[in-house]
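Engineer: Turn this into a structure:
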Amino acid sequence: MNHIDVLKLKSMLDSGEDVQIIDIREDYELETEGKIGGLHIPMGELMGRIDQLREDVPVVFHCRSGKRSENMLNFLKMKNLYADNYFNLIGGINAWKQL
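Structural biologist: Numbers count the residues shown, from 1 in each chain. Okay, here's the model as predicted:
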């Protein structure tokens, strides 16, 4: 599984690199924990919205700590839906807020 840390993601975003960010947290978490940006697809909806994931750019999945997004990517691997351009954000939004 591919991983990315917050410094690399910030560098990519700051340089204007095209990246798709997928926030898999629940609605209430967005209100209390802040946002990085990107597309909000709660974890429970991801399978029904898999067609919204891009194939032409890095797709970075994140949650609060990086555990749920890592589990989600492992699930996609088991279902043969994982792509080489998918990345898990190490530390999730918690690490992002430390920048």
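
Engineer: so where do the strands sit in this protein?
Structural biologist: For the chain, applying DSSP state E gives strands covering 3-4, 20-23, 39-40, 59-62, 86-89.

Engineer: list the buried ones in the last one?
Structural biologist: Looking back up the chat, that one is strand 86-89. Within strand 86-89, the residues that count as buried by 16 or more other CB atoms under 10 Å are 86, 87, 88, 89. C-beta: built from backbone N, CA, C; applies to glycine.

Engineer: so the second one touches residue 3, yeah?
Structural biologist: Yep, that's residue 87 we're talking about. Yes: taking contacts as CB atoms under 8 Å, residue 87 lies within contact range of residue 3: 6.4 Å.

Engineer: Using a markdown table, please lay out the buried residues of strand 86-89 together with pLDDT.
Structural biologist: Compiled in a markdown table, the buried residues of strand 86-89 are given as follows (pLDDT from 0 to 100):
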| residue | pLDDT |
| --- | --- |
| 86 | 98 |
| 87 | 98 |
| 88 | 98 |
| 89 | 98 |
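
Engineer: Quick one: those residues as CSV, columns for distance to residue 12 too.
Structural biologist: Written out in CSV, the entries for the buried residues of strand 86-89 read as follows (distance: CB to CB, whole Å):
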residue, distance to residue 12
86, 15
87, 10
88, 15
89, 11
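
Engineer: What is the nearest of the residues you listed to residue 27?
Structural biologist: Top of the list for closeness to residue 27, among the buried residues of strand 86-89 and by CB to CB, is residue 89 at 19.2 Å.

Engineer: contacting residues around the nearest residue in space to that closest one that is not next to it in sequence?
Structural biologist: The shortest distance from residue 89 to any residue that is not its chain neighbour, by CB to CB, 6 or more residues apart in numbering, is 3.8 Å, and that residue is residue 62. Residues in contact with residue 62, defined by CB atoms under 8 Å, 6 or more residues apart in numbering, are 21, 22, 23, 24, 25, 36, 69, 88, 89, 92, 93, 96.
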